[in-house]
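J.: Prediction below, plus the sequence it came from.
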Amino acid sequence: MGNKKNVRNQREGKDELVQLVSNVNRADDVDLNRRAFIKATAGMSIALGLATIPFSIRAAIGMEEDDDAKEIIALDELPRGKSATFYYPEESDPALLIHTKSGELLAYNSACTHLMCPVFYESEKEELVCPCHKGYFDLKSGHPTAGPPQRELPRIDVEVRNGVVYAVGRQVRHG
Amino acid sequence: MAKKHLYTLVLLVSVAVHVVLLQWTIEAYLGHEWTRVYTLTLIAAGTTLATAACTIGWYRAEYRAAPRHQEGSR
Ligand code: FES
């Protein structure tokens, strides 16, 4: 009887509960966990390092942007303090042309740099507002002034030719 | 022994470095700064190679050490 009880607590015992004991061999535990930890660390580090490669591949594939002039709207259809939506450079890139109260023409891509909600022109306060999470952008520079957005809105260069406003180029990062 | 610790330390630091590099790469990608994306990927490729070399070095140092657990080794 007494013998059987002892056997339970030994490594090579026949008792079905015997394997419990190999779980609590502390020296083994510490050693194995340390190795596993270092291996996991190495794997994670290499994976993170390699994760930058797809961005370069995507950049190499989609790099050329055609920044040709594109008609937006006739200037007299856009009074001061109003804005118009257009798409530039692609049909999938919504943008906002703003005729400020002081008569300036400004244009930005209107997808919020936080989570891509549309940004609106608030003519009362002359600022750009994203209603989703209360993001605010400076009207003159397109840079975020409050709320979650961290990056500026891409600025679109505009030109007026014969009373018609054209988009002629875009700077994603500026200022 | 000390060499093994050095490898471990380098591996830990490399995780931090790669997290930062990845974050910068994504920022540059979203900002369409293609040259920056390429530069960062190049740097990351270099440090990844160094990390791989370091991992191999650690394996060598670690498993050359006298085996302490002969019985029931897993
Ligand atoms: S999407 Fe614009 S603030 Fe969140």
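T.: It's in. Numbers count the residues shown, from 1 in each chain, chains lettered A, B, ... in the order given.
J.: Going by C-alpha atoms from here, please, whenever you check contacts or count neighbours.
T.: Will do.
J.: what kind of secondary structure is the residue in chain A positioned nearest to chain B in?
T.: In chain A, no residue comes nearer to chain B than A:Ser45, which is 4.5 Å away by Cα to the nearest Cα. Following DSSP: H, G, I helix; E, B strand; the rest coil, the label given to A:Ser45 is helix.
J.: What are the boundaries of the strands in chain A?
T.: Residue ranges of the strands in chain A, as given by DSSP state E, are A:70-74, A:82-87, A:94-99, A:105-109, A:120-122, A:127-130, A:135-138, A:144-146, A:155-161, A:164-171.
J.: Mean neighbour count and distance to B:Ala53 for the ones you listed - can I get that in JSON lines?
T.: Output for these, formatted as JSON lines (neighbours: other Cα atoms under 10 Å in any protein chain shown; distance: least, Cα to Cα, whole Å):
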{"stretch": "strand A:70-74", "mean neighbour count": "17", "distance to B:Ala53": "52"}
{"stretch": "strand A:82-87", "mean neighbour count": "18", "distance to B:Ala53": "49"}
{"stretch": "strand A:94-99", "mean neighbour count": "23", "distance to B:Ala53": "47"}
{"stretch": "strand A:105-109", "mean neighbour count": "24", "distance to B:Ala53": "45"}
{"stretch": "strand A:120-122", "mean neighbour count": "19", "distance to B:Ala53": "52"}
{"stretch": "strand A:127-130", "mean neighbour count": "23", "distance to B:Ala53": "48"}
{"stretch": "strand A:135-138", "mean neighbour count": "21", "distance to B:Ala53": "45"}
{"stretch": "strand A:144-146", "mean neighbour count": "17", "distance to B:Ala53": "43"}
{"stretch": "strand A:155-161", "mean neighbour count": "18", "distance to B:Ala53": "44"}
{"stretch": "strand A:164-171", "mean neighbour count": "19", "distance to B:Ala53": "41"}
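J.: ok, the spatially closest residue to the residue of chain A closest to chain B that is not a sequence neighbour to B:Thr39 distance?
T.: Nearest non-adjacent residue to A:Ser45, counting by Cα to Cα, 6 or more residues apart in numbering or on different chains: B:Val15, 4.5 Å away. Using Cα to Cα, to the nearest Å, one gets 19 Å for the distance from B:Val15 to B:Thr39.
J.: With neighbour numbers in mind, choose between these two.
T.: B:Val15 (22 against 13; other Cα atoms under 10 Å in any protein chain shown).
J.: Can you name the residue of chain B nearest chain A?
T.: B:Val15 (4.5 Å).
J.: isn't A:Ile98 right next to A:Val119, touching?
T.: No: counting by Cα atoms under 8 Å, A:Ile98 does not reach A:Val119; the two are 11.8 Å apart.
J.: ok so, going back, save the strands of chain A as TSV, and put in distance to B:Leu11 too.
T.: Listed next are these as TSV, based on distance: least, Cα to Cα, whole Å:
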stretch	distance to B:Leu11
strand A:70-74	51
strand A:82-87	47
strand A:94-99	44
strand A:105-109	41
strand A:120-122	47
strand A:127-130	42
strand A:135-138	39
strand A:144-146	37
strand A:155-161	41
strand A:164-171	39
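J.: Mean pLDDT and distance to chain B added to the ones you listed, as JSON lines?
T.: What follows is these, written out as JSON lines (pLDDT from 0 to 100; distance: least, Cα to the nearest Cα, whole Å):
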{"stretch": "strand A:70-74", "mean pLDDT": "91", "distance to chain B": "21"}
{"stretch": "strand A:82-87", "mean pLDDT": "93", "distance to chain B": "18"}
{"stretch": "strand A:94-99", "mean pLDDT": "94", "distance to chain B": "16"}
{"stretch": "strand A:105-109", "mean pLDDT": "94", "distance to chain B": "13"}
{"stretch": "strand A:120-122", "mean pLDDT": "93", "distance to chain B": "21"}
{"stretch": "strand A:127-130", "mean pLDDT": "95", "distance to chain B": "19"}
{"stretch": "strand A:135-138", "mean pLDDT": "95", "distance to chain B": "17"}
{"stretch": "strand A:144-146", "mean pLDDT": "95", "distance to chain B": "15"}
{"stretch": "strand A:155-161", "mean pLDDT": "91", "distance to chain B": "12"}
{"stretch": "strand A:164-171", "mean pLDDT": "89", "distance to chain B": "9"}
